[in-house]
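Student: My questions are about this predicted structure, shown below with the sequence.
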Amino acid sequence: MRIEEKKFSKYINTKLVNFEEIKSYAYILIN
């Protein structure tokens, strides 16, 4: 993998993790 692709996939993974955290946090708030 090229460096740009590596950086990009790392960026995507971080975003997904943040999204999961926000989702579970919102789930806790709703209930």
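Tutor: Happy to help now that I have it. Computed from a predicted model, the values in this text were never measured in an experiment.

Student: Tell me which helix or strand residue 22 sits in.
Tutor: For residue 22, the host element (DSSP states H and E) is helix 3-30.

Student: Report the distance from that helix to the chain centre.
Tutor: Relative to its chain's centre, helix 3-30 lies at 1 Å (C-alpha atoms, centre = their mean, to the nearest Å).

Student: Can you spell out which helices and strands pack onto it?
Tutor: Applying 3 or more C-beta pairs under 8 Å, 6 or more residues apart in numbering; DSSP states H and E, one finds that helix 3-30 contacts no other helix or strand. Any C-beta I mention is one placed from the backbone N, CA and C, and that applies to glycine too.

Student: Quick check: mean pLDDT of it?
Tutor: Across helix 3-30, the average pLDDT comes to 89.

Student: buried set for that helix?
Tutor: By 16 or more other C-beta atoms under 10 Å, helix 3-30 has no buried positions at all.

Student: Quick check, central residue of the chain?
Tutor: For the chain, residue 16 is the residue whose C-alpha lies nearest the centre (C-alpha atoms, centre = their mean; 2.0 Å).

Student: now that residue: how far from residue 9?
Tutor: 10 Å (C-beta to C-beta, to the nearest Å).

Student: again with residue 30
Tutor: 31 Å.

Student: Ok, residue 29 next?
Tutor: Distance, residue 29 to residue 9, by C-beta to C-beta: 30 Å.

Student: Please apply the same query to residue 23.
Tutor: Taking C-beta to C-beta, one finds residue 23 at 21 Å from residue 9.

Student: what does residue 19 give?
Tutor: Between residue 19 and residue 9 the distance is 15 Å, computed by C-beta to C-beta.

Student: before we move on, what about residue 2?
Tutor: 11 Å.
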